[in-house]
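In: What follows is a predicted protein model with its sequence.
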Amino acid sequence: MKNIITISRELGSGGRSIGKLVANRIGIPYYDRELIDEAAKESGLSIKYVENCEQRATNSFLYNFVMSSSYGFGILQGANNQTLPLTEQIYLAQRKVIEKFANAGSCVIVGRCADYILKDRDDVLRVFIYSDMNTRIRHSIDAYGMSKMTAQEEIEHSDRERSRHYSVFTDQKWGDRHNYDVLLNSGILGYGNCAKIICSLTGTIS
């Protein structure tokens, strides 16, 4: 049974909304903003700092190291947290929180490389939600009141940041179909149908 669902998503694809629908339909906890709050407690950093820095790995020591070193992702494993830059301390704190939530039982976890962190568990369904650019732009305009130009710029920036963040901490490509169990186009399927498909794949509800 796949009772832990990780939701990776493109900005404007409705991944958060779909994750909430899944959690409500199955009746399990939904973790998104909570990961920031708990990681702040775990790391001893402010919530605002964690929120601002969690996807800003590109200027960090680790990013430069990974890009120029043959050792790659292994630097994080077994490292002393206090000797790492703050961005990496935040990642490790979030990793610990994600593992704690997963160990506690059934849940939906949005973003934060959870699909990679939990990839060796048999009870995890790893989902990637995407959509076409026009749909994503319309969603951003409706949800955030952005202009069309601003919405497209924010989406393109978000894609770059999420891709870089993911590649730094997982040594894998964000959005690559090989890293997920199912990829769903919310622009074609709609949020409700995406949620139904995910629920059916968990084996907990038809």
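Out: Alright, I've got the coordinates.

In: continuing past the worst-scoring helix or strand of the chain on mean pLDDT, what's the next helix or strand?
Out: When the helices and strands of the chain are scored by mean pLDDT, DSSP states H and E, helix 61-68 comes last with a mean of 42. Scanning forward in sequence from helix 61-68 by DSSP states H and E, the next helix or strand is helix 86-104.

In: For the chain, just list every one of the helices.
Out: Chain-ordered helices for the chain, with DSSP state H as the definition, fall at 15-26, 33-43, 47-53, 61-68, 86-104, 114-117, 133-144, 148-170, 186-189, 191-202.

In: Buried residues in the second one, which are they?
Out: Going back to what we said before, that points to helix 33-43. Within helix 33-43, the residues scored as buried using 16 or more other Cβ atoms under 10 Å are 35-36, 38-40, 42-43. For the C-beta atoms, the positions are set from N, CA and C on the backbone; glycine is no exception.

In: The longest one now?
Out: Across helix 148-170, burial judged by 16+ other Cβ under 10 Å covers 151-152, 154-155, 158-159, 161-162, 164-170.

In: who are the neighbours of it, in terms of helices and strands?
Out: Helix 148-170 sits against helix 61-68, helix 114-117, helix 133-144, with contacts defined as 3 or more Cβ pairs under 8 Å, 6 or more residues apart in numbering; DSSP states H and E.

In: now, which of the buried residues of helix 33-43 sits nearest residue 144?
Out: Using Cβ to Cβ, the shortest approach to residue 144 within the buried residues of helix 33-43 belongs to residue 36, at 18.7 Å.

In: my guess is the closest one meets residue 52, correct?
Out: No - taking Cβ atoms under 8 Å as the definition, residue 36 is not a contact partner of residue 52, at 10.0 Å.

In: sorry, back to before: can I get the buried residues of helix 33-43 in TSV including distance to residue 14 and pLDDT?
Out: Listed next are these as TSV, based on distance: Cβ to Cβ, whole Å; pLDDT from 0 to 100:
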residue	distance to residue 14	pLDDT
35	19	89
36	20	89
38	24	89
39	24	88
40	26	87
42	29	85
43	30	81
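
In: where does the chain dip in pLDDT?
Out: Residues of the chain that meet the criterion pLDDT under 70 lie in 54-84, 204-206.

In: centroid residue for it?
Out: Compute the mean C-alpha point of the chain, and by Cα atoms, centre = their mean the closest residue is residue 111, 1.3 Å away.

In: ok, back up a step: among the helices of the chain, which comes closest to residue 180?
Out: Closest approach to residue 180 among the helices of the chain (Cβ to Cβ): helix 114-117, 6.3 Å.

In: what helices or strands is that closest one leaning on?
Out: Judged by 3+ Cβ pairs under 8 Å, 6+ apart, helix 114-117 is in contact with strand 4-9, helix 86-104, strand 124-130, helix 148-170.
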